[in-house]
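[1] show me the folded form of this:
(chains A and B)
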Amino acid sequence: MNASDFDKFIKENSKGELEAPKALDWDKMNFDLPKPKKRRFGFIWLSLFLVGLIGSLVYFGGDDLDNKLTTSLGLSNAAKHTVEPNVVAKQTDQQQFTEAIQISNTPSHNNSIASKSTKENLGTQLVEAKGLKKNLSKSFKIAAEVNPNKGSRTLILDPVEVGKNRSNVKSTTDKVVQVEQALYKIGDLDIKNPAMLYYERVLPKLTLFNPSDARKKVRLPMAYFVGTGINYSNLKYSNAPQTNELNANVRPSIGAAFMLQSQIALKRNFHLLIGGNYQSHNEVFEYAQPLDPQYNFLERTKTSRYRYVVSKNVHHFLGLELGIAKKIRLTSKWEGILSSSLLGQYHLNSNGKLLSEQLEIVEFSNHQTQDRILLSSNAFIGFSRQFGDNALQVGFNWQRSLNKLQFGANTDLKLATEAYGLSLGFIKALR
Amino acid sequence: MKNNQDIELVNKCLKGAESAFKALYELYKAYVYTICVRYGIKSSDLADMVQTIFMQVFHGLEKFDANKSQFKTWMTKIVINQILMERRKQHIRFTALEPSENLNFSNSYESDIFVKMDQKELFNILNDMPAKYSMVFNLHVIDGYSHGEIAEQLNITVGTSRILLHRGRSWAKNAISSFYRQDEKYLAKSI
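    Okay, here's the model as predicted:
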């Protein structure tokens, strides 16, 4: 009988199925059934939706939202002004004050000041100032006074004479021009406006106009962040025969992170984040490898032997980050920060040990990475404490890879990362 | 037709329906059990092995692509893969010959006895086959793996796979012949 016939005989007689024993009844098995998984796409769509939503807020509603937040927190830009306590508001007409504030907050007014960076704009400024004269004359007469005081100059806007001197429109217009010219010429203005002071005391929740803010809007503030942190990585291997054994024999560990980031203000409290970072995702590999047992025939004993290996696995990544952040002022010194970003990471290398398909312990260096680019999403919540133009920032972030690294040319072993991080850093603002 | 039923059950499983998991299990538990017996999994380990295999299947259902293969084919790969994993843990050496190994197989067989045999008896005989022959024998003769695929799975050379298969075949022929010689009545009936 040749081999082919014999194989046929074996195959035909092995075709049927044996009757499964009672021990294999469903009720006697203890299955941990998988729960329906939410598709990864949902997570991606959610991230995109959030980025889109934040983007929309920045472009269409940034100013309004910002003002509402500022108002609701009881903060005003006027609070930043230096005011002298002996200056007292004498105005009693509430309506006139309201109008004055409305004028102060009109964007055209802000823009007119903000755009006066060259002498050529002065003509335009005069025209705009004339346009303002009617409104201004309704509320207060501006008496502009330029007082040299330790190198700085002071403007005093006095609403007391309002109403008494309505006929002096031309004079008011000239004063407005003087104010504008002064704003243009003097870099470091200190506004002392009794009307504003009144509002600061009586209606502190209103946002008042601050010329220095107008200047900030011309040159968007930029800040640099330098920080370091730790991350707790939960790494998952998949797609290879040794996956289960490998995942069962590694446990999460603490890794390090260093980051450099530039924060470019799109609006006052919305920032574009562009940065680079280094991260190490660590894990501890712990495996008891079975060795050939030892037999003692005299005592009829069998000794099982294991090779116990503990190794720290380190995966090094260099990353580029692009994201968006919202800053919320909590107090005059503290800010809350929420950010969402996408991270493109380049896998530098991995050190440590893992299991081969034959469950042998092998080095990572034997497994060259095939797909080195790891795309991750990152969410951050943190706080910063300001010290002048600088700040210290501390925060917590959650990062999850959207694709997987692939190790080795002859294996399909893949690695996905998820990490929770704590970071601490220094922010240096540029004006 | 059955594949459609499988796909329907898989889809229900993916939605988390426990009844679908149970139905899938009932449909294939005998099949999985048979493969485990055929590969010589000890009866004390069978329940654990079947459970492990079905856990792998249940948790891997989302990777099943009905356009690429039938469910049964896809599941068979998981079953064999899990058995191979189990065998690897036992550190079976597929290369060197043991000094005590008896290679004096008879080359003369009565071909008329290889006609029909009870499946359970056949499995009982094959279960005594040395593990290193048994793996290659099962993979090639019954599950249709090529020597290249076997070599890759067991991390051996194609030549070693051929040698192990040849020895497995010889061992099986010898064992089946011996079985018939011991059971004269059965032999008489089959003749």
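[2] so B:His59 versus chain A, what's the distance?
    5 Å (C-beta to the nearest C-beta, to the nearest Å). C-betas here are computed from N, CA, C, even on glycine.
[3] hmm, A:Lys35 and that residue touching each other?
    No - using C-beta atoms under 8 Å, B:His59 makes no contact with A:Lys35, being 10.5 Å away.
[4] and those two? which has more neighbours close in?
    Using other C-beta atoms under 10 Å in any protein chain shown, the more surrounded residue of B:His59 and A:Lys35 is B:His59, with 15 against 7.
[5] skip the chain neighbours and tell me the closest residue to the more buried one.
    Distance criterion C-beta to C-beta, 6 or more residues apart in numbering or on different chains; nearest residue to B:His59, sequence neighbours excluded, is A:Pro34 at 5.0 Å.
[6] next, count neighbours for that neighbour.
    Count around A:Pro34 with other C-beta under 10 Å applied: 16.
[7] isn't it right next to B:Phe58, touching?
    Yes - at 5.8 Å, A:Pro34 counts as touching B:Phe58 under the criterion of C-beta under 8 Å.
[8] quick one: the strands in the stretch 201-350 of chain A, in order.
    A:222-238, A:250-265, A:270-296, A:301-329, A:334-351 (DSSP state E, counting those that start in this stretch).
[9] so which of the ones you listed is nearest chain B?
    Nearest to chain B among those is strand A:270-296; the distance by C-beta to the nearest C-beta comes to 6.5 Å.
[10] tell me which strands that closest one pairs with, and in which orientation.
    The pairing partners recorded for strand A:270-296 under DSSP bridges are strand A:250-265 (antiparallel), strand A:301-329 (antiparallel).
[11] burial-wise, tell me which of those strands comes out on top.
    Highest mean neighbour count of the strands paired with strand A:270-296: strand A:250-265, a mean of 18 (counted as mean count of other C-beta atoms under 10 Å in any protein chain shown).
[12] would you mind getting the angle between it and strand A:334-351?
    Strand A:250-265 runs at 130 degrees relative to strand A:334-351, counting by axes from the mean of the first three to the mean of the last three C-alpha atoms, to 10 degrees.
[13] for strand A:250-265, give the mean pLDDT please.
    For strand A:250-265, mean pLDDT rounds to 92.
[14] so where's chain B shaky on pLDDT?
    Within chain B, the set of residues satisfying pLDDT under 70 comprises B:1-2, B:91-115, B:183-191.
[15] at 50 instead, please
    Along chain B, segments meeting pLDDT under 50 span B:96, B:99-101, B:105.
[16] how about the helices in it?
    Secondary structure of chain B (DSSP state H): helices located at B:2-14, B:18-38, B:43-59, B:71-89, B:119-126, B:131-137, B:147-154, B:158-182, B:184-190.
[17] just those: most buried one?
    Mean neighbour counts for the helices of chain B (mean count of other C-beta under 10 Å) peak at helix B:131-137, with a mean of 23.
[18] and it, what other elements does it pack with?
    helix B:71-89, helix B:147-154, helix B:158-182 (3 or more C-beta pairs under 8 Å, 6 or more residues apart in numbering or on different chains; DSSP states H and E).
[19] break the chain into its domains for me.
    I'll assume chain A. A:80-217, A:220-430 (automatic domain parsing).
[20] the intended chain is chain B.
    If you go by automatic domain parsing, chain B breaks into B:2-89, B:111-190.
[21] check the offset of the first one from the chain's centre.
    Put plainly, it is domain B:2-89. 14 Å (C-alpha atoms, centre = their mean, to the nearest Å).
[22] near chain B, which residues of chain A show up?
    Contact residues (C-beta under 8 Å from any C-beta of the partner chain) of chain A with chain B: A:1, A:3, A:5-7, A:9-11, A:13-21, A:23-24, A:26, A:28-37, A:241-242, A:244-245, A:290, A:292, A:357-359.
[23] out of those, which end up buried?
    Using 16 or more other C-beta atoms under 10 Å in any protein chain shown as the burial test, those include A:6-7, A:9-10, A:13-14, A:18, A:20, A:24, A:29, A:34, A:241-242, A:244-245, A:357, A:359 as buried.
[24] send me stretch B:14-21 as PDB with only the CA atoms.
    Extracted in PDB, the C-alpha atoms of stretch B:14-21 (Å, rounded to 0.1, in the frame of the first residue of the first chain):
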ATOM      1  CA  LEU B  14     -20.400  40.800  17.600                       C
ATOM      2  CA  LYS B  15     -23.500  42.600  18.900                       C
ATOM      3  CA  GLY B  16     -23.000  40.700  22.200                       C
ATOM      4  CA  ALA B  17     -25.900  38.200  22.100                       C
ATOM      5  CA  GLU B  18     -25.100  35.400  24.500                       C
ATOM      6  CA  SER B  19     -27.500  33.000  22.800                       C
ATOM      7  CA  ALA B  20     -25.500  33.400  19.600                       C
ATOM      8  CA  PHE B  21     -22.200  32.500  21.400                       C
END
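[25] I'd say A:Ala260 and A:Gly276 touch.
    For the record, residue A:260 is Leu, not Ala. Yes - if you go by C-beta under 8 Å, A:Leu260 and A:Gly276 touch, sitting 5.5 Å apart.
[26] I'd like to know how far A:Asn296 sits from A:Arg305.
    Per C-beta to C-beta, to the nearest Å, A:Asn296 is found 13 Å from A:Arg305.
[27] okay, now the unreliable bits of chain A?
    Along chain A, segments meeting pLDDT under 50 span A:61-127, A:129-130, A:133-163, A:165-167, A:169, A:186-192, A:194, A:197-200, A:202-208, A:214-219.
[28] can you pull the contacts of the residue in the stretch 51-200 of chain A positioned nearest to chain B?
    Taking C-beta to the nearest C-beta as the measure, the point where the stretch 51-200 of chain A comes nearest chain B is A:Val51, at 27.0 Å. Contact partners of A:Val51, counting by C-beta atoms under 8 Å, 6 or more residues apart in numbering or on different chains, are A:324, A:340.
[29] before we move on, back to that, in JSON lines, list the helices and strands packed on helix B:131-137 along with distance to chain A.
    Conversion of these to JSON lines gives the following (distance: least, C-beta to the nearest C-beta, whole Å):
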{"stretch": "helix B:71-89", "distance to chain A": "5"}
{"stretch": "helix B:147-154", "distance to chain A": "9"}
{"stretch": "helix B:158-182", "distance to chain A": "6"}
